[in-house]
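Enquirer: Using only what follows, build the 3D model:
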Amino acid sequence: MQAFETVWDLIKASFDLDLDDFDLYDAVNVDSPFPKGTELMEYMKTPKGIKEAGQMGAKARRIDYPLEGMELPDFKPKDPYNMQNELRDIFGGSGVKGNKWTQFSSPSKMINRTFSLPTHTCGIGGYLRGVEDSVCEACYAHNTGNYRFNAVQQKLLRNQDRLTTSDPEQWASAMAGSIPQETANFPVFRFHDSGDIQSTQHASMLADIAAKNPDVMNWIPTREWKMIDELSRARGGDLPSNFVPRISLPMVNQTLDNDENERRGVDTLDQRIIDLIQDNEGVKHSTVITDPKYANRNSEMKSVVCPVTPAKKDSCQNRRCKACYMPDIDLSEYKKH
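Expert: Have a look, this model is predicted:
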């Protein structure tokens, strides 16, 4: 045990930051990976950490990108022999360098890797975490599993920072250029297994990334229905067919039918959310249910109850399921675990 502690002390001593005195901007800017531990997650529970995460989120609301979209140019690195370092500057990504660097995450349940942000910068989701019986009350990505660890949080924070400090067109072009190699075997991609859309401009970037890769289905689970509504209006309802924003209904067992919500004793749903989903063919939705009796019974709405269980080795790929990515699935229903 003493030998282990000696090695651990040496690792911490070689790190560029004092783990007893740092802030989130240090985590973003330090040019080396954080040592193993949960210091970043613990720091973001403090008043100072909460404030700094809020500032990062607020900065992302000011991304300068056209809501009507643009045809993204092909990404061309300034130096092809140094492309990875260039991508590291654009995306942030993990603290490591070399072949192990990536901006993507590897959630165990997903078919492919994903691109994600910190839950601490979620807007509506951040509010819902404090609401009893909301779908975000027990957020799996906020303080559980591998999401607790420094390596994960450092990557997410660096992703968040570069989303707001990189040139938006360059960021979107580089992301569009990175996705095909991630989806070569299964042409589906998910944004945000952690975190959420930061602004309508951010949503516009994601729509253009999807348009750049028309053969890849892009699933964007989100609580930010107002941003999707604004984007759809700005584009006259014309969203890329492979761009699949899936609005997460805020309360467990909630439906688009407010009469049914009242019968279930669930909060009624904002009529604007109902109209957004029902009036826009390209906007889908999801809900969380506690019992099969709450599953969809509307024959006019194509729905799928997620077959994946909490079992460690169970996954979308094992179940041969990609329903959430598909625009013909109106409703994805997840069993509360």
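Enquirer: hey, where'd the strands end up in the chain?
Expert: When assigned using DSSP state E, the strands of the chain occupy the ranges 114-115, 188-191, 217-222, 243-248, 284-289, 303-305, 331-335.
Enquirer: Who is I220 paired with across the strands?
Expert: Beta bridges link I220 to P245 when assigned by DSSP bridges.
Enquirer: isn't it right up against S248?
Expert: No. I220 is not in contact with S248 according to C-beta atoms under 8 Å; the separation is 10.6 Å. Where you see a C-beta, it was placed from the backbone N, CA and C, and this is true even at glycine.
Enquirer: I figured R62 was touching Q198, is that so?
Expert: No. Judged on C-beta under 8 Å, R62 makes no contact with Q198 at a distance of 9.5 Å.
Enquirer: and for those two, which residues touch both?
Expert: T164 (C-beta atoms under 8 Å, 6 or more residues apart in numbering).
Enquirer: out of the two, which sits in the more crowded spot?
Expert: With other C-beta atoms under 10 Å as the criterion, R62 and Q198 differ in neighbour count, and Q198 comes out ahead with 27 against 10.
Enquirer: want to throw the strands of the chain into JSON lines with distance to P168 and mean pLDDT?
Expert: What follows is the strands of the chain, written out as JSON lines (distance: least, C-beta to C-beta, whole Å; pLDDT from 0 to 100):
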{"stretch": "strand 114-115", "distance to P168": "15", "mean pLDDT": "98"}
{"stretch": "strand 188-191", "distance to P168": "15", "mean pLDDT": "97"}
{"stretch": "strand 217-222", "distance to P168": "17", "mean pLDDT": "98"}
{"stretch": "strand 243-248", "distance to P168": "17", "mean pLDDT": "98"}
{"stretch": "strand 284-289", "distance to P168": "26", "mean pLDDT": "98"}
{"stretch": "strand 303-305", "distance to P168": "34", "mean pLDDT": "96"}
{"stretch": "strand 331-335", "distance to P168": "29", "mean pLDDT": "97"}
